[in-house]
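Trainee: Any chance you could fold what I've pasted below:
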Amino acid sequence: MEDRYNDTTAYERAIRTAAVQLVAEGFMLQRDVAQVVQRAANWGHPSH
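Mentor: As a prediction, this is how the structure comes out:
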């Protein structure tokens, strides 16, 4: 991740942009965007 993004904010922004595009194309539900971005924010941290 560090090779592509300067910081976690840039990574989260990229994830949000991609998720919004997927919603626009009908591949993702709008209600799922926040959860996807939250998971991206926690990347590399244990989920339990």
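
Trainee: which residues are in contact with the strand or helix carrying V37?
Mentor: Taking DSSP states H and E as the criterion, the element that holds V37 is helix 33-41. Here helix 33-41 makes contact (CB atoms under 8 Å, 6 or more residues apart in numbering) with 8, 11-12, 15-16, 19-20, 23, 28. Quick note: C-beta positions are derived from backbone N, CA and C, even for glycine.

Trainee: By neighbour count, which bits of that helix are buried? Give me those.
Mentor: 33, 36-37, 40 (16 or more other CB atoms under 10 Å).

Trainee: returning to that earlier point: could I get the contacts of helix 33-41 as CSV with pLDDT, neighbour count and distance to G44?
Mentor: What follows is those, written out as CSV (pLDDT from 0 to 100; neighbours: other CB atoms under 10 Å; distance: CB to CB, whole Å):
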residue, pLDDT, neighbour count, distance to G44
T8, 83, 15, 9
Y11, 90, 18, 10
E12, 91, 17, 13
I15, 95, 19, 14
R16, 96, 15, 18
A19, 97, 21, 19
V20, 97, 14, 23
V23, 98, 15, 25
M28, 98, 16, 23
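
Trainee: Among these, which are located in helices?
Mentor: 8, 11-12, 15-16, 19-20, 23 (DSSP state H).

Trainee: tell me which of those residues is nearest to H45?
Mentor: Nearest to H45 among the ones in helices among the contacts of helix 33-41: T8, at 10.8 Å, using CB to CB.

Trainee: So the residue nearest the centre of the chain versus A24, what's the distance?
Mentor: Centroid check for the chain by CA atoms, centre = their mean gives I15 as the closest residue, at 3.0 Å. In this structure, I15 lies at 15 Å from A24, with CB to CB, to the nearest Å as the measure.

Trainee: Can you pull the poorly scored residue ranges out of the protein?
Mentor: Along the chain, the model assigns pLDDT under 70 to residues 1-2, 47-48.

Trainee: One more pass at 90, please.
Mentor: Of all residues in the chain, those with pLDDT under 90 make up the ranges 1-10, 40-48.
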